[in-house]
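# Fold the following, please.
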Amino acid sequence: MMEDIYTALQKRLDMYSLGFPETQSKIEITILKKLFSEEDAKLFLELSPMLETAESIATRTGRQLNELSQHLKDMVKRGLLFKKTKDGIAKYGAIPFIHGVFEFQIKRLSKDLALLLEQYYEEGLSRAVAKSTNLFLRPIPVNESIETKSSVAPFEDAVAIIRQAPVIAVADCICRKEKKMIGKGCDKPMETCLMFGSMAEYYIENNLGRKISADEAIAIVTNAQKHGMVTQPGTAQNPAGMCSCCGDCCAVLLSIKRFPKPAEMVFSNYFAQTNDNCTACGNCVDMCQMEAIEITDIAHVNLDRCIGCGLCVMACPNEAITLVQKEASKKVPPKTSGEQMMEMAKQRG
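Reported below is the predicted structural model:
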């Protein structure tokens, strides 16, 4: 019975966002058993991402309201469900593994769980991430890397995205924390994951992150960029969050970095281009998270690998690199995170 319920849970999670694929070793079932009790799994399977009140869920499922309400609250606290409160009314819903269950373990992550997650990433999750990453996170250029800022759409401007958010929270990066726990990764800043709106409220309410101002959020992103971290909001014009991470730790960047043409796998409207000012100093090579630049006589950008983040432009002391907009294939992301999730579901079939 228990194996059946966890298999059903795995299949349900595999329907959401980037998926939660089955592996030959069944490591994903081990992870689910570590996070979900059998009763948790049963309740999760009775929910959907469409938010409902406890009263509505009780009526629909025949569960006793008081016990159900307590169970819902407990699962929210353990990062297994989402909760949104509006006008004093709490609503609950199922969540993906990414972004969702995985990230919501930021304060509960242990070395044992980190090792399981690392094994699962290598055996199955990395391929799922790579398959749909263009509709999950998108690299946007460092502001200073664009010559004509008047042409930058608000959804590609980190400052504009941050300023439009009604509530902002910052949390430690789950990818970086996991790598640190198992002796991998690097020493770049840890507190770099921004959440906006109702997602920020969830993080604050459940002590996953802290509330910050727009100015502090901008300073965090700017500092992350100086440390060679790629700015990646969700692939929506009004995203639920913004990640700043690196090619050593980030589940998304690591996944696409393993392929020969990362540029084809991301939602990006820019690419880097060098000019005759280049002195072959190599700063851009060190900064690039996709290994997209090689030095011969001067720096040469491999456009199959360039994701248009602009870190190389910021690293260059000679103004020898600029970002060029892909006018012929300019992309506009979905308006909301809800539309983003629907597009991801369509893409995954």
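
# any idea which element the closest residue to residue 34 other than its chain neighbours lies in?
Here the nearest residue to residue 34 in space, its sequence neighbours aside, is residue 113; by Cβ to Cβ, 6 or more residues apart in numbering that works out to 6.1 Å. Glycine gets a C-beta too; all of them are placed from N, C-alpha and C. For residue 113, the enclosing helix or strand under DSSP states H and E is helix 111-120.

# so how far is that helix from its chain's centroid?
Taking Cα atoms, centre = their mean, to the nearest Å, the mean C-alpha location of helix 111-120 is offset from the chain mean by 18 Å.

# Excluding its own residues, what touches whichever helix or strand comes after that helix? List them.
Using DSSP H and E, the helix or strand that follows helix 111-120 in sequence is helix 126-132. When contacts are defined by Cβ atoms under 8 Å, 6 or more residues apart in numbering, helix 126-132 is touched by residues 17-21, 98, 136, 251-252, 254-256, 258-259, 265, 344, 347-348.

# Point out where the stretch 51-200 of the chain drops to low pLDDT.
Residue ranges of the stretch 51-200 of the chain with pLDDT under 70: 133, 143-152.

# All the strands of the stretch 101-250 of the chain, residue numbers only.
Here the stretch 101-250 of the chain has its strands, by DSSP state E, counting those that start in this stretch, at 168-172, 191-196, 210-211, 230-233, 241-245.

# Report the buried residues of stretch 43-55.
43-44, 47, 49, 51-52, 54 (16 or more other Cβ atoms under 10 Å).

# Cross-reference the residues you listed with the helices and report the matches.
Among the buried residues of stretch 43-55, the members falling in helices are 43-44, 54 (criterion: DSSP state H).

# Secondary structure of residue 34: a helix, I assume?
Yes - following the definition DSSP: H, G, I helix; E, B strand; the rest coil, residue 34 is counted among the residues of a helix.

# what's the pLDDT at it?
Predicted confidence (pLDDT) for residue 34: 98.

# now the one 10 residues further on
Model confidence at residue 44, given as pLDDT, is 99.

# quick one: it from residue 257, how far?
32 Å (Cβ to Cβ, to the nearest Å).

# Leaving out chain neighbours, which residue sits closest to the residue lying farthest from the centre of the chain?
Ranked by distance from the centre of the chain (Cα atoms, centre = their mean), the top residue is residue 297, with 37.1 Å. Here the nearest residue to residue 297 in space, its sequence neighbours aside, is residue 280; by Cβ to Cβ, 6+ apart that works out to 6.7 Å.

# Please, which helix or strand holds the one you found?
Secondary-structure assignment from DSSP H and E places residue 280 in no helical or strand segment.

# again with residue 41
Secondary structure from DSSP H and E places residue 41 in helix 38-45.

# That helix: how far from the chain's middle?
Using Cα atoms, centre = their mean, we find the averaged C-alpha position of helix 38-45 to lie 25 Å away from the chain's own average C-alpha position.

# and it, what other elements does it pack with?
Judged by 3 or more Cβ pairs under 8 Å, 6 or more residues apart in numbering; DSSP states H and E, helix 38-45 is in contact with helix 2-13, helix 65-77.

# Same list (these) but as CSV, adding distance to residue 328.
Output for those, formatted as CSV (distance: least, Cβ to Cβ, whole Å):
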stretch, distance to residue 328
helix 2-13, 38
helix 65-77, 46
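
# okay, those helices in a markdown table with mean neighbour count next?
Compiled in a markdown table, the helices and strands packed on helix 38-45 are given as follows (neighbours: other Cβ atoms under 10 Å):
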| stretch | mean neighbour count |
| --- | --- |
| helix 2-13 | 16 |
| helix 65-77 | 16 |
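
# now the angle from the one helix or strand residue 341 maps to to strand 191-196?
Element membership of residue 341 [criterion: DSSP H and E] is helix 337-348. Angle, helix 337-348 to strand 191-196, by axes from the mean of the first three to the mean of the last three Cα atoms, to 10 degrees: 110 degrees.

# Many thanks, have a good one.
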